[in-house]
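**Student:** Sequence and predicted model, in that order:
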Amino acid sequence: QLQLAESGGDLVQPGGSLRLSCAASGFTEKRYAFAWFRQAPGKEREEVSCINYSGGRIEYADSVKGRFTISKDNVKNTVYLQMNSLNPEDSGVYYCASGPLYPCRFGALEVWGQGTLVTVSS
């Protein structure tokens, strides 16, 4: 059974940093891509970043380019999202998701985590 579990969400001041983690289980022999999405109150869920299985192909939303970095450790079965220079518009629930296709498209994602809350506020 494929499962994802996010962690690392917290309250942080504007300009601060956070690192989110997504622990994957049940993905043995599955060469899946992984994505981070976020959803702010009253807004649609939006893709933040996507990384393919090997880690050699990555895409970012324009709003986070240069500030966020996605990475993955295939030995630890964990995907990370390093978030720097955070601003209040980055607040929301961050979800990890995975599917067989790259780029990561909402309809092709097969498994989602439960989400972790990021709040950027002074």
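**Tutor:** All right, it came through fine. Numbers count the residues shown, from 1 in each chain.

**Student:** where does the protein have low pLDDT?
**Tutor:** In the prediction, the chain carries no residues with pLDDT under 70.

**Student:** Okay, and the residue nearest the centre of it sits in which element?
**Tutor:** In the chain, the residue lying closest to the centroid (CA atoms, centre = their mean) is W36, at 2.3 Å. Counting by DSSP states H and E, the element that carries W36 is strand 33-39.

**Student:** where exactly do the strands run in this structure?
**Tutor:** Remark: strands assigned in the chain by DSSP state E are 3-7, 11-12, 18-25, 33-39, 46-51, 58-60, 68-73, 78-83, 92-99, 111-112, 116-120.

**Student:** In JSON lines, list those strands along with distance to R105.
**Tutor:** Backbone N, C-alpha and C define where each C-beta goes, glycine included. Formatted as JSON lines, those follow (distance: least, CB to CB, whole Å):
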{"stretch": "strand 3-7", "distance to R105": "17"}
{"stretch": "strand 11-12", "distance to R105": "29"}
{"stretch": "strand 18-25", "distance to R105": "18"}
{"stretch": "strand 33-39", "distance to R105": "9"}
{"stretch": "strand 46-51", "distance to R105": "8"}
{"stretch": "strand 58-60", "distance to R105": "11"}
{"stretch": "strand 68-73", "distance to R105": "16"}
{"stretch": "strand 78-83", "distance to R105": "17"}
{"stretch": "strand 92-99", "distance to R105": "8"}
{"stretch": "strand 111-112", "distance to R105": "14"}
{"stretch": "strand 116-120", "distance to R105": "22"}
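
**Student:** list the helices and strands the strand holding W36 packs on?
**Tutor:** The contact analysis (3 or more CB pairs under 8 Å, 6 or more residues apart in numbering; DSSP states H and E) places strand 33-39 against strand 18-25, strand 46-51, strand 68-73, strand 78-83, strand 92-99.
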